[in-house]
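Student: The amino acid sequence is not available; the structure is as follows:
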């Protein structure tokens, strides 16, 4: 009964809920037109709000370099979605409204209208709701420090292997500091940019990568500020007031918790490195590739001859990327053969008039290296190297001689200190990549560096230096000069001048290079107007046989180079050269020297006579004895190179402690009066750097006898000495040549030259071994302290028909770069094994047939050295 009484109530509730549902659904249809009209207004307001917010964000991002907040970006994205959705529904609304009838309360398509009405109502609510969320006090904030900031970087050519090497080192956790070094314009900054950007591309073990430009004249505080800015600790108002030590502690406190990389560009101070990589000029193939890329195919293909000429232009850049790019861009629209030929001529004459960008862009960059040199003395020495012709190989000792003659190296009258200073300066210029190493004895200057130096001396600072350089211009006579009196240093080397018949008035001329011409005649009055000339270089003029008496007018002359001329007699008038410090007669051959002439050069410091066969006249019983007598008078002499042709002559030099201490090179040639040499007789020559044994047909052996009977007595069979020599007596001997000593069978004595760098053995027809095991065992106490050939760079063996062995066992050649073996048919084994040397650094040159017949310790050794072989044609 209770159930019957409750039925009407339950039915009413159900009916009410159904009605509410139907009425609610109907409302979406009935209010469709009203909601559509409302929707047309609401998105417009949202658009305005969105535009205002975007404007605020743009000001913060562009003007204040801030980054928009994520919530702002989210609101803008949602607003964009709502606006687009509303506009789409508004477009669709007319079609839906057409389906309505009876004042919009009924529909001819109720299902469609109901769905559409719901969409309109929902988006209307969302738009209104989103407008309420669009109020922001702050729209952006400071950008957080990224792991690495990408840097602009162009496509590069030829740096791939250097980049790979650098990157592999950076991936090594044991490496702390890696240095990239090289001359200006070679691509160091470009390579550093690539390394920086590589961190952007790949996953790595670092938390932060910091790029800092140091530059010349930096101070520690500036670098600290830059690092602090990158790691976000400069917000502290007290930062700028902190001392460098305090800043360093703050930086260390933060970075010690991170793995970091600091890339320092443009460093000019010394840094202790874990590893270093030289960024070198491009190889010819890669240089040509870069040049073609920058010139463009359209220009290169515009004429069938241009590509070949362009290759010559590229070669003039000597692989320096900055020069290649600059000149390529200048030539990019040159479409005639004449323009390219003209460019080649201009580049060979080092002119900037046709390539102004070299003077405006390249040379100023390179000049920064010049300006950064420690002092004016070093800068002067660098500019002096540009007097030599393009690609000229410069002897280090010769260059120091010239600098001493010029007076650049004033070490308070101490010749030894002056020479050491000169070599120190060469080292500094090599370290700055402004000069390049050729070998231990020679250097060269890159063509673009030379052009930069000439730009400084002849244009940029013309009034200061007053250079006149026409080296290698193919001149046949003296050039026409507007004002001889203004010139201080003149280089006319490597021309074709035959006769000097003029009398130029050069009252300020201090340097004159006339070497490597074709001189035959020098007018007696030629030097009359050169009262201040300090350096005169006449070397390598093979046709000149006589010097004019007028050379005595050069009263200020301090350096005279006559090497490799054919002057047959030194004129007695040379006595007038009272200031002479350097005299070079090397390679001059037979020459007559007046008695008392040498002793008249009271200020002489350097005398070079290797390859000079001097004669003091018929009255001289022995020319070496006369030379020793005169050289003993020269109190300032500290460098001597000499050729000796007899046992008596050598005995004369050995009798002079002071002269022995000066000898840097001795040439024992055409030796007479002895069947052999006790090498320890030369032990007093503490500065001996080079030893030549040439055409000593009577020499049967070179002994290592520590004690003897005193000075050589004429007619005895061996040269001996009372000196008890230590194994350290040949510490400076680096260069040994043994040539045409037909009776020598070995040169075991080389074990006492621990720093030997170059060994050349030529045409010794009975030589069987380089090192003899039996002889070596007799001096075992010496061998125990030495590492045989540890410093050797070059081993050159030529025309040795009986040579069977270099050494009976394998050796560790830690420095060896090259082996030459020519016409040594019995040499079937090299003292090498798989660990003897770094195979990637060595070249072995010889005949193909000889190489095929070589015996190796094992197959592994053979395979290791197979790529090192370079075949030579049989002569």
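Tutor: Done, it's in. If you're wondering where the values come from, they're calculated on a predicted model, not measured in any experiment.
Student: following the top strand by length along the chain, which helix or strand comes up?
Tutor: Criterion DSSP state E: the longest strand present in the chain is strand 663-672. Per DSSP states H and E, the first helix or strand lying C-terminal to strand 663-672 is strand 676-678.
Student: Neighbouring strands - and their directions - for that following strand?
Tutor: Neighbouring strands of strand 676-678 in its sheet, by DSSP bridges, are strand 701-703 (parallel), strand 718-719 (parallel).
Student: who touches the longest one?
Tutor: Read it as strand 701-703. The set of residues external to strand 701-703 that reach it, using C-beta atoms under 8 Å, 6 or more residues apart in numbering, is 675, 676, 677, 678, 679, 693, 718, 744, 745, 747, 749. In this view, the C-beta of every residue, glycine as well, is placed from N, C-alpha and C.
Student: ok, 10 Å please
Tutor: 675-681, 693, 696, 718-720, 738, 741, 743-750, 775 (C-beta atoms under 10 Å, 6 or more residues apart in numbering).
Student: C-terminal to the lowest-mean-pLDDT helix or strand in the chain, what's the next element?
Tutor: Comparing helices and strands within the chain by mean pLDDT, DSSP states H and E singles out strand 718-719 as the least confident, with a mean of 39. Of the helices and strands lying after strand 718-719 in sequence (DSSP H and E), the nearest is strand 735-739.
Student: So for that next one, mean pLDDT?
Tutor: For strand 735-739, mean pLDDT is 96.
Student: relative orientation of it and strand 663-672 in degrees?
Tutor: 10 degrees (axes from the mean of the first three to the mean of the last three C-alpha atoms, to 10 degrees).
Student: helices or strands next to the helix or strand following strand 735-739 in the packing?
Tutor: Next helix or strand after strand 735-739 toward the C-terminus (DSSP H and E): strand 758-762. With contacts taken as 3 or more C-beta pairs under 10 Å, 6 or more residues apart in numbering; DSSP states H and E, strand 758-762 sits against strand 690-694, strand 735-739, strand 794-798, strand 818-822.
Student: check contacts around residue 658.
Tutor: So residue 658 contacts 631, 632, 634, 635, 637, 638, 640 (C-beta under 10 Å, 6+ apart).
Student: so how far is the helix or strand containing residue 648 from its chain's centroid?
Tutor: Using DSSP H and E, residue 648 sits in helix 647-654. Centroid separation for helix 647-654 versus its chain: 46 Å, with C-alpha atoms, centre = their mean, to the nearest Å.
Student: Identify the residue spatially nearest to the residue most central in space within the chain, adjacent ones excluded.
Tutor: Closest residue to the average C-alpha location of the chain: residue 182 at 3.5 Å, with C-alpha atoms, centre = their mean. Computed as C-beta to C-beta, 6 or more residues apart in numbering, the closest residue to residue 182 that is not its neighbour in sequence is residue 279, at 3.7 Å.
Student: Can you report how many residues neighbour that neighbour?
Tutor: Each residue near residue 279 was counted by other C-beta atoms under 10 Å, and the total is 21.
Student: go on, residue 634?
Tutor: Neighbour tally, residue 634, other C-beta under 10 Å: 21.
Student: Report the contact partners of it.
Tutor: Residues near residue 634 by C-beta under 10 Å, 6+ apart: 598-605, 607, 640, 658-659, 662.
Student: and with 7 Å instead?
Tutor: Going by C-beta atoms under 7 Å, 6 or more residues apart in numbering, residue 634 touches 599, 601, 604.
Student: what number of residues lie near the first one?
Tutor: I take that to be residue 599. The burial count for residue 599: 15, using other C-beta under 10 Å.
Student: what does the last one give?
Tutor: Applying other C-beta under 10 Å, we find 26 residues neighbouring residue 604.
Student: The second one now?
Tutor: The criterion is other C-beta under 10 Å. On that basis, residue 601 has 25 neighbouring residues.
Student: Give me the distance between the closest residue to it other than its chain neighbours and residue 561.
Tutor: Leaving aside its chain neighbours, residue 601 sits nearest to residue 580 (4.9 Å; criterion: C-beta to C-beta, 6+ apart). Distance from residue 580 to residue 561, counting by C-beta to C-beta, to the nearest Å: 11 Å.
Student: Which neighbouring elements make contact with the longest strand of the chain?
Tutor: Counting contacts by 3 or more C-beta pairs under 7 Å, 6 or more residues apart in numbering; DSSP states H and E, strand 663-672 packs against strand 639-646, strand 690-694.
Student: Switch those over to TSV; also include mean pLDDT, distance to residue 301 and mean neighbour count.
Tutor: Below are the helices and strands packed on strand 663-672 laid out as TSV (pLDDT from 0 to 100; distance: least, C-beta to C-beta, whole Å; neighbours: other C-beta atoms under 10 Å):
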stretch	mean pLDDT	distance to residue 301	mean neighbour count
strand 639-646	93	56	23
strand 690-694	95	54	20
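Student: what's the closest of those to residue 837?
Tutor: The closest of the helices and strands packed on strand 663-672 to residue 837 is strand 690-694. By C-beta to C-beta, the value is 24.2 Å.
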